[in-house]
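Asks: Quick one, what's the 3D model for this:
(one chain, ligands or ions: 1)
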Amino acid sequence: MEKTFAIIKPDGVERNLSGKILERVESQGFKIVAMKRTRLSKVQAENFYDVHKSQPFFDSMTRSMSSGPVVLLVFEKENAIADWRKLMGATNPADAEAGTIRKDFAESIERNSVHGSDSTATAVFEISYFFAQSEILS
Ligand code: CMP
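Replies: Next up is the predicted model:
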């Protein structure tokens, strides 16, 4: 079984979309093995998204990510990383396929409702950034 890391971003939490998003997750066969609702500091968001630090959108995006509560999640499923990225849809909702979370809920590329790990190495880093092993219950 593969694990991936996900965030319901401030724009999704703010619009009360957590339940609708998690309903899709569970109905697609993912098991939620860890979950917490918290608010990221700007520094936590900057360190989490360190790979993007040279991008022009970095300051605005990390401000947005720390603007309100988020839901941090670990999902488990065979092929969880690729399947969660498919269910989310393209980063820019304008490019996302019909039926994906970002197509249906995202407001913009910055307020795109959800995050997901893009590789095994990223998933390992992102899960350990927010969760202790004892908080992950398969
Ligand atoms: P996410 O999958 O969380 O990874 C990095 C985030 O940066 C991405 O989702 C988008 O929300 C954001 N992002 C990527 N490109 C842009 C952009 N051109 N303008 C604003 N935000 C962006």
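
Asks: now the helices: where do they sit in the protein?
Replies: 10-14, 18-27, 42-48, 58-65, 80-88, 101-105, 120-130 (DSSP state H).

Asks: what would those helices look like in a markdown table with distance to the ligand and mean neighbour count?
Replies: C-beta coordinates here come from the backbone N, C-alpha and C atoms, glycine included. Shown next, in a markdown table, are the helices of the chain (distance: least, CB to the nearest ligand atom, whole Å; neighbours: other CB atoms under 10 Å):
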| stretch | distance to the ligand | mean neighbour count |
| --- | --- | --- |
| helix 10-14 | 10 | 20 |
| helix 18-27 | 14 | 14 |
| helix 42-48 | 9 | 16 |
| helix 58-65 | 5 | 17 |
| helix 80-88 | 8 | 20 |
| helix 101-105 | 9 | 20 |
| helix 120-130 | 10 | 16 |
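
Asks: Make a markdown table from the ones you listed and add mean pLDDT to it.
Replies: Compiled in a markdown table, the helices of the chain are given as follows (pLDDT from 0 to 100):
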| stretch | mean pLDDT |
| --- | --- |
| helix 10-14 | 98 |
| helix 18-27 | 98 |
| helix 42-48 | 98 |
| helix 58-65 | 98 |
| helix 80-88 | 99 |
| helix 101-105 | 98 |
| helix 120-130 | 98 |
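
Asks: And those helices: which comes nearest V74?
Replies: helix 120-130 (5.5 Å; CB to CB).

Asks: who touches that closest one?
Replies: Residues external to helix 120-130 that are found in contact with it (CB atoms under 8 Å, 6 or more residues apart in numbering): 2-5, 34, 36, 47-48, 72, 74, 81, 117, 136.
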